[in-house]
Structures are given as structure tokens and as C-alpha cells.
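*Asks:* Below is the sequence, then the predicted model.
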Amino acid sequence: MNPIQELQLRIDEAFSAIRFPSAPADLYNPITYTLGHGGKRLRPLLVLASCQMFGGDIADAINPAIGIELFHNFTLLHDDIMDEAPLRRGKETVYKKWNSNVAILAGDTMFAVANKYMLRTRPHAISPVVELFNQTAIEVCEGQQYDMDYEKQQNVSIPDYIEMIRLKTAVLLAASLKTGAIIAGAETDDCNQVYDFGINIGLAFQLKDDLLDVYGDQVKFGKVSGGDIIAGKKTYLYLKALESAGSQTGYFRELYASHNLPSTEKVTKVKELFNQLNIEQLTRLLIDDYYQKALHDLSCISLPEEAMEELSDYAAGLMEREN
């Protein structure tokens, strides 16, 4: 078993040990249901991996790692309502299985419980870790608001979109890494450098998500294939296609915004245009650009190269994933 697998096992054991009250059932059962889906648990893994990389004791980081994952799952419960998403990790979303009110309240409770877990670490780390956590929570909400705003705006630029996914996705990955570094007692410059690594790997990660939404296997990806297209979400793929569509711009805008076409037909027609404009390859190039920036950030940390090898290998795996 390699060190990353050992950390994953530690995280799984920690989540298996969590017990929520049995009543009120419609508050706590959805939380247990959500956490039971598992998922990649990427964020808590980054907390522990960073703490370990900087020479800290992962026992000091396990509770904040749980807190960050609880917060992440809280955001998913609310996002699924806003996006009207029927599936999450291949299972019915909470608002579909119960209702929107249940999902909202369960999410609120998860956020409160997450805050409690963030406090359970070494005394020197509590203040900076909680401050980072709350600032990150604000930024994630800002990113979600931009995402909803862009659904109503016709003119959204690619830089606008990159900033939105930085806030909505990348800052939480970055904060996970920085949390582990803070707990380990890393130098300020190294804490900031590993945060920058997280931002760039987070941007690459979200762009890969956008790509898999269109070109991934629905069974492996755990979401409806082409869900972003069906919803008319202005992803990088859409914006890049719009930039390159030329004489087809008007047709493409109308097609992408349409809610009258059957979903399968809409996805097929949009993918045809994406393929004509080489959008899959262009997206892969941008993903690799952010990945290379992330590797540069990692190389600037004042640790021996071998100390960062596990995190580097894990980042490479994230870029190669198909789910």
C-alpha cells in the first residue's frame, strides 16, 4: 500500500466512525446518505498529504480534513438544487430523493458541523485555519453566485469564467493544501506556495470536469452526459466554441440556449460543432497549461524533491482521471 492509499484509508475510517443523531430523521438521514456515496474525497486527502509532506502529524489534521469534506458536501447539496441536477455520483441527489427544503436544511447543518471539526487541531493552528476556512467559504459562495449570474448574461468572457471556477472550485483545493501546511507548522512562504499549487491544479481539475461532462462516460463520471449542455451552462468549452464559431455564431448561441429540443438531440448537435472546432483538444491544452503551472509552484517549495513526489504523482493522476 502506497502512502496516498494509506491516507485514503485513514480518511475512510474517519468518516466510517462518524455517527449523526437518529432524529430528526429528515435532517440527519440525508447527511448520512450523502456521505455514504464516498466520492474521491480529494480535499481531505490534500489536507493530510500536505501536512505529511511538511513533516506534520496527520492526527492533528484529520478533523479539519473531515471539516473541509463536510463543507464541500454541503455545497453540493445546495448546488444540486440550484442546478436542478438529478444525479450526484451516480445516485439521486438529496433534493430529488427528499425535497429542496430538506436538502437546504441538511446542508446548513453540515456547514455548522464542519466548523466544529475545523476547531479540533493543534492550538497554534486554530486561528489561521478557521480564518482560511471562512474566507474560502465566502469565496466559494461568490463563485456560485457568478456561476448563476452567467446563466443570465449573454456576454461572458473566458477570463470571467476562469475567475468563477477559481472561486467556486480551486480555492477549496488550495485551502485544503494550505490547511495541512499550517497545521504542520510550515513557513509562510511555503504555505502560500502550496496554496498557489492548489489554485492551478484546481483550475485544471475543473476544466477536466467540464471536458468529462461532454466527453466522459456517464457510468464512470456519475452524472448525466452532456448535463452542462442541456442546462445551457457557459463552460470553457462553450465559450471557446463561441470564440471560434465565426459564421455559425448565431446558430450556435440559439442552439445552446434552446430548451425546446430533446436533450439527446441538443447534446449531439452541440458536440458536432465542438468537434468541428477542435474544442476537446483546445480544452486539453489549457488543462495541461494549468497543470504545468502547478508543477512549477510545487518546485518552488523549500522541500527536497523526494518529499513532494507523492503529491506530484497524485496530481498527475488527477489529470489522467476519467471520472
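*Replies:* Looks like it came in fine.
*Asks:* Please, which helix or strand holds Asp160?
*Replies:* helix 158-165 (DSSP states H and E).
*Asks:* Other residues contacting that helix?
*Replies:* Helix 158-165 has contacts (Cβ atoms under 8 Å, 6 or more residues apart in numbering) with 143, 146-147, 150, 202-203, 206-207, 234-236, 239-240, 243. (Glycine included, C-beta is placed from N, CA and C.)
*Asks:* please redo it, this time with the cut-off set to 6 Å
*Replies:* If you take Cβ atoms under 6 Å, 6 or more residues apart in numbering as the criterion, helix 158-165 is touched by 143, 146-147, 206, 236, 239.
*Asks:* now, the most widely separated pair of the residues you listed?
*Replies:* Longest distance between any two of the contacts of helix 158-165 is 16.2 Å, between Gly143 and Leu239; criterion Cβ to Cβ.
*Asks:* all helices of the stretch 201-323 of the chain, in order?
*Replies:* 218-221, 227-231, 236-244, 249-257, 263-276, 279-299, 309-320 (DSSP state H, counting those that start in this stretch).
*Asks:* now the fifth one: mean pLDDT?
*Replies:* The predicted model gives helix 263-276 an average pLDDT of 96.
*Asks:* quick one: contacts for the residue in the chain sticking out farthest from the centre?
*Replies:* In the chain, Ser247 marks the outermost C-alpha relative to the chain mean, sitting 35.2 Å out by Cα atoms, centre = their mean. Neighbour list for Ser247: empty [criterion: Cβ under 6 Å, 6+ apart].
*Asks:* and it, how far is that from Ile104?
*Replies:* 45 Å (Cβ to Cβ, to the nearest Å).
*Asks:* Below-threshold pLDDT in the chain: ranges please.
*Replies:* Counting by pLDDT under 70, the ranges of the chain that qualify are 1, 218-224, 323.
*Asks:* Tell me what angle the lengthiest helix in it forms with helix 236-244.
*Replies:* Counting by DSSP state H, the longest helix found in the chain is helix 123-152. With axes from the mean of the first three to the mean of the last three Cα atoms, to 10 degrees defining the directions, helix 123-152 sits at 40 degrees from helix 236-244.
*Asks:* Compute the inter-axis angle for helix 123-152 and helix 158-165.
*Replies:* Using the same axes, to 10 degrees: helix 123-152 against helix 158-165 is 140 degrees.
*Asks:* Helix 123-152 packs against which elements?
*Replies:* Under the contact definition 3 or more Cβ pairs under 6 Å, 6 or more residues apart in numbering; DSSP states H and E, helix 123-152 sits against helix 158-165, helix 171-184.
*Asks:* Tell me which residues of it come out buried.
*Replies:* 125-126, 129-130, 132-133, 136-137, 139-140, 143-144, 146-147, 150 (16 or more other Cβ atoms under 10 Å).
*Asks:* do the same with stretch 40-50
*Replies:* Buried, per 16+ other Cβ under 10 Å, within stretch 40-50: 41-50.
*Asks:* same thing with stretch 152-170?
*Replies:* For stretch 152-170, using 16+ other Cβ under 10 Å, the buried residues are 156, 161-162, 164-170.
*Asks:* what do you get for stretch 211-218?
*Replies:* 211-216.
*Asks:* quick check, nearest of these to Glu254?
*Replies:* Closest to Glu254, out of all of the buried residues of stretch 211-218 and judged by Cβ to Cβ, is Val214, at 18.9 Å.
*Asks:* Can you get me a residue count around Lys293?
*Replies:* 17 (other Cβ atoms under 10 Å).
*Asks:* With Gln5 instead?
*Replies:* Gln5: 9 neighbours (other Cβ under 10 Å).
*Asks:* host element of it?
*Replies:* Per DSSP H and E: Gln5 is located in helix 3-16.
*Asks:* just checking, what packs against the next helix or strand after that helix?
*Replies:* Using DSSP H and E, the helix or strand that follows helix 3-16 in sequence is helix 25-36. Helix 25-36 sits against helix 100-118, with contacts defined as 3+ Cβ pairs under 6 Å, 6+ apart.
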